[in-house]
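1. When you get a sec, could you give me coordinates for this:
(chains A and B)
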Amino acid sequence: MERAKWIKGLGFMSVVLAGTMLTACGDDGNNDTNGAANENNTEGNETDNDGAQNEDQEEVTVRLTGWQSSPTEQRYFEETIDAFEEKYPHINVEVDTIADQYMDVLRTRLIGGEAADVFFLDAFEAPGLIEAGVLESLDGYITDEFDVDDFEEPLIDAFRRDDQLWGLPKDTSTLALFYNKDHFEEAGIEAPPETWEEMEEIAETLTVDNRYGFGIVTDMARLYSIGESRGGEMVVDNRANFTDPAVIDALQPIIDMRNEKEIGASPADVGAEWGGDMFGTERASMIIEGNWMIEFMEDAFPDVNYGVVEIPTIEEEKQTMAYTVSYSMNGESEVKEEAWQLIEFLTGKEGMEIWTASGLALPSRQSVAEMMDYADDAIYEPFIEGASYATVWADDTNLPIINSNFENQFSSAFLGDQTLEEAMEEAERVANNEIQD
Amino acid sequence: MAKWKLSKSQLRDAGQGYLFMSPTIFTILVFLIGPILFALFLAFNNVNLLGQTSFEFVWFDNFTRMASDERALIALQNTAFYVVIVVPTQTILALVLAASLNAGMKGEKWFRVIYFIPTLTSSAVLVMIFMWMYRPDGLINTILSSVGLPTYNWMNDPSVALISIMIMNIWATAPMFMVIYLAALQGISDSLYEASELDGASAIQKFWYVTVPMLRPVTAFVVIIGVIGTFQLFDQSYMFSGGSGGPNNSTLTVVLLIYQYAFSNNQMGYAAALAVSLALIILVATFIQRKLQKEETH
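-> Next up, the predicted model:
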């Protein structure tokens, strides 16, 4: 309640301030990096100033649900929302964060008719909700000005179904290889690996007593593109297809790295919470992680000297995963017009630029990516490069079931309790049994 | 027939009675009877609550589906294994603790308080602390390796994970039952002990032939509550596995499975059927237990 009031107050103040600021705005844009954003802001202020003069436009509250993984993320998110409220003073955005089990909570709220007007929706879970018919199709709202073609095609396609658009990707993240420069130097290795074979060799050299050469994250979300790197397909016709020999061939090296060659381990093996923890505490010299690591390393392990390159090639093919989350609208929303204005702003060029300036996620719009100019940044470049050939972590309605069964069985093969073939057979059988079509 | 006819004053009395009871009756109907009936209704339907709400009556389909549902069988196995190990262990441990704290040691009040602390801790906090101690480089492994015992991957090894939860739970719930036993111990008449002493009983014999039989009704209570509580294991395994029941379904319990079907897979009807089955299983287990208890006393 306190916070809501505070935001309201802020919204009110920005209306009052908008007029006075307008005169000073000419020389206000002194922040070089955000110059473009400031310009946009000025335009925004102009239009809403007209609105404000209409007197007492009725205040509307739009509820927004999402998750926040760090205080930094929270801060940038609030900044983005503040920018929106400044532009649309009559709209009050009520943000509410779901800390854990996001989809379970969201689904329950949708059933109870208590869900927010706008919410985050992972591409991985989107088909299920679209199929259930609880989302608002966004096609009717999109204007030419919004420039929907600007979005990266594979990302926006994850939210398209039955020729309709059910969400707009707010950002994206891809995976790349993080390597510890100091470890490389100690071992006399000059360049990071380019092929998977090279990487295994290096991992072997780097594996010492309390440290593994390679940290392995065993989620299907991470292994999907590796599993399909040798021509197999893990999901066919909305059903699990793990027993394809090409899939097993592609996944076997991951298991062997731990059990045969003993050059890799999972974060859990060494008692780390997740990959970032394992890499940051120097219990792995290399690990495949996403761009969210950059911020994390800076915060938690500023002394670790690391580099980032694209994931080593398998069969001379580059591969990586891309994750995306949309803003989608509740079909039951009572303030659809304003909800759309919020989505339009957040996924529009202006809002996306403010948000992705955090570096926590990459823009899903080409124009914003160009504007951000990552190409010169050695740390960000591999992620941007990866976006062009990444497999998007999304499929169809049954992917969550397929995913949980894969993880359950793969982890036991990974621990050496059964062979990969057995595990994949079991996972496929149980998953397809659970799928009720 | 005439017997059933009520006079005016009787009717008024009855009416008054029900009027006074009405708040309670209303509460029970809305929060107890209603949900139970609704759960039963759900169990026989194919339910979709998300989007277009629909109920489709499917007779016993939800129940027959369980037989072919691998994960349901694994969950039941895990839960049964858990019950079989935890209930006797925590009961015996509670009894031994209570007896030793009732023996008249110095400072036993303090020990009672200290032993009781785990029960006062919220289970979520407890799980967090244990998960931290269970880490591969955590406290427990450090102690084990320092005395030359083998170490385990407590949380991620499928063959150990459920046992880790058992240890944690026994540690947390035994003291609660200990308190119940303590109360009952105070009620055993000293004359019985005196009489057995006169007959030349040793301390162990007194425990075995006086204390244990005298505590039988309390033991029945402790076991029944224990069985019900352990069959409903959810929060610990949920937190331990992050809701998945992994690794390799080793911490999947029946209630966790019900949760997954109801809230993650949106199959409320099947989840309700599982819940009804679990209730029946607990009921049967309790009946068997009571029956055995009765036979023993006769």
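2. how would you label B:Leu50: helix, strand or coil?
-> Secondary structure for B:Leu50, judged by DSSP: H, G, I helix; E, B strand; the rest coil, is coil.
3. Contact partners for it?
-> Applying Cβ atoms under 8 Å, 6 or more residues apart in numbering or on different chains to B:Leu50 gives the contacts A:107, A:110-111, A:129, A:132, A:134, B:266. C-beta coordinates here come from the backbone N, C-alpha and C atoms, glycine included.
4. Contact distance from chain A - what residues of the stretch 51-200 of chain B qualify?
-> Applying Cβ under 8 Å from any Cβ of the partner chain, one finds that the stretch 51-200 of chain B approaches chain A through B:51-52, B:68-71, B:135-138, B:153, B:155-159.
5. run the last query once more with 7 Å
-> B:51-52, B:70-71, B:135-138, B:156-158 (Cβ under 7 Å from any Cβ of the partner chain).
6. The stretch 51-200 of chain A against chain B: which residues are in contact?
-> A:101, A:104, A:107-108, A:110-111, A:132-134.
7. Just the buried residues of the residues you listed.
-> Among those, those classed as buried by 16 or more other Cβ atoms under 10 Å in any protein chain shown are A:101, A:104, A:107-108, A:110-111, A:132, A:134.
8. Narrow the residues of the stretch 51-200 of chain A next to chain B to those in helices?
-> A:104, A:107-108, A:110-111, A:132 (DSSP state H).
9. Quick check: the two most widely separated of these?
-> Taking Cβ to Cβ as the measure, those span a maximum distance of 14.4 Å, between A:Asp104 and A:Ala132.
10. returning to what we had before: out of the residues of the stretch 51-200 of chain B next to chain A, who's nearest B:Met105?
-> Distance to B:Met105, by Cβ to Cβ, is smallest for B:Gly138 among these, at 32.5 Å.
11. neighbours around that closest one, how many?
-> 17 (other Cβ atoms under 10 Å in any protein chain shown).
12. again, but for A:Gly167
-> The tally of other residues near A:Gly167 (other Cβ under 10 Å) stands at 31.
13. surely it meets A:Phe159?
-> Yes: A:Gly167 is within contact range of A:Phe159, at 3.8 Å (criterion: Cβ atoms under 7 Å).
14. Would you mind listing what in the stretch 301-437 of chain A touches chain B?
-> So far as Cβ under 7 Å from any Cβ goes, the stretch 301-437 of chain A lies against chain B at A:404, A:407-409, A:411-412, A:415, A:417, A:430, A:433.
15. Residue ranges of each domain in the chain, please.
-> If you meant another chain, say so; for now it's chain A. A:2-172+A:324-372, A:174-322+A:395-434 (automatic domain parsing).
16. please go with chain B instead
-> Taken from automatic domain parsing, chain B resolves into B:2-61, B:64-297.
17. out of those domains, deepest packed?
-> Counting by mean count of other Cβ atoms under 10 Å in any protein chain shown, domain B:64-297 has the highest mean neighbour count of the domains of chain B, with a mean of 17.
18. and it, how far out from the chain's middle?
-> Here domain B:64-297 is found 7 Å from its chain centre; the criterion is Cα atoms, centre = their mean, to the nearest Å.
19. A:Gly113 - that's part of a helix, no?
-> No: going by three-state DSSP, the assignment for A:Gly113 is coil, not a helix.
20. how many other residues sit next to it?
-> Count around A:Gly113 with other Cβ under 10 Å applied: 8.
21. helix, strand or coil for the closest residue to it other than its chain neighbours?
-> Excluding the flanking residues, the one nearest A:Gly113 by Cβ to Cβ, 6 or more residues apart in numbering or on different chains is A:Glu332, at 6.3 Å. Under three-state DSSP, the three-state class of A:Glu332 is coil.
22. Quick check, A:Glu332 in contact with A:Gly112.
-> No: with contact defined as Cβ under 7 Å, A:Glu332 does not count as touching A:Gly112 (10.7 Å).
23. Would you mind telling me which of those two has the busier surroundings?
-> For the pair A:Glu332 and A:Gly112, the greater number of neighbours falls to A:Glu332 (15 against 9), based on other Cβ under 10 Å.
24. ok so, going back, could the contacts of B:Leu50 go into JSON lines alongside pLDDT and distance to A:Trp340?
-> Below are the contacts of B:Leu50 laid out as JSON lines (pLDDT from 0 to 100; distance: Cβ to Cβ, whole Å):
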{"residue": "A:Arg107", "pLDDT": "90", "distance to A:Trp340": "23"}
{"residue": "A:Leu110", "pLDDT": "91", "distance to A:Trp340": "19"}
{"residue": "A:Ile111", "pLDDT": "88", "distance to A:Trp340": "24"}
{"residue": "A:Leu129", "pLDDT": "90", "distance to A:Trp340": "18"}
{"residue": "A:Ala132", "pLDDT": "88", "distance to A:Trp340": "21"}
{"residue": "A:Val134", "pLDDT": "91", "distance to A:Trp340": "17"}
{"residue": "B:Asn266", "pLDDT": "81", "distance to A:Trp340": "27"}
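25. What helices and strands are in contact with whatever helix or strand A:Ile402 lives in?
-> Applying DSSP states H and E as the criterion places A:Ile402 in helix A:399-414. If you count contacts as 3 or more Cβ pairs under 7 Å, 6 or more residues apart in numbering or on different chains; DSSP states H and E, helix A:399-414 packs onto helix A:220-227, helix A:245-259, helix A:420-434.
26. Looks to me like A:Pro169 is in a strand.
-> Yes: judged by three-state DSSP, A:Pro169 forms part of a strand.
27. Counting neighbours, what do you get for it?
-> The burial count for A:Pro169: 27, using other Cβ under 10 Å.
28. Test my guess that A:Thr65 contacts A:Leu121.
-> No: judged on Cβ under 7 Å, A:Thr65 makes no contact with A:Leu121 at a distance of 9.8 Å.
29. Who has more neighbours out of these two?
-> Using other Cβ under 10 Å as the criterion, A:Thr65 and A:Leu121 rank with A:Leu121 on top: 29 against 21.
30. Just give the closest residue to that one, not the sequence neighbours.
-> What sits nearest to A:Leu121 in space, not counting adjacent residues and going by Cβ to Cβ, 6+ apart, is A:Ser328, at 4.4 Å.
31. Next, count neighbours for the one you found.
-> The local packing of A:Ser328 (other Cβ under 10 Å) involves 26 other residues.
32. where along chain B do the strands fall?
-> Assigned by DSSP state E, the strands in chain B fall at B:45-48, B:54-57.
33. As a check, name the ranges of all helices in the stretch 101-250 of chain B.
-> B:108-120, B:123-133, B:139-146, B:158-186, B:190-198, B:203-206, B:212-214, B:216-231, B:235-241 (DSSP state H, counting those that start in this stretch).
34. now the shortest one: mean pLDDT?
-> Here helix B:212-214 scores 88 as its mean pLDDT.
35. One more: the last one?
-> Taken as a whole, helix B:235-241 has a mean pLDDT of 88.
36. contacting residues for A:Val60?
-> A:Val60 makes contact with A:90-92, A:335, A:338, according to Cβ atoms under 7 Å, 6 or more residues apart in numbering or on different chains.
37. Repeat the analysis, applying 6 Å as the threshold.
-> A:91, A:335, A:338 (Cβ atoms under 6 Å, 6 or more residues apart in numbering or on different chains).
38. These in helices, which ones?
-> A:Glu338.
39. For A:Tyr212, which three-state class applies?
-> Under three-state DSSP, A:Tyr212 comes out as strand.
40. Could you double-check that it lies in contact with A:Glu282?
-> No: A:Tyr212 is beyond contact range of A:Glu282, at 10.3 Å (criterion: Cβ atoms under 6 Å).
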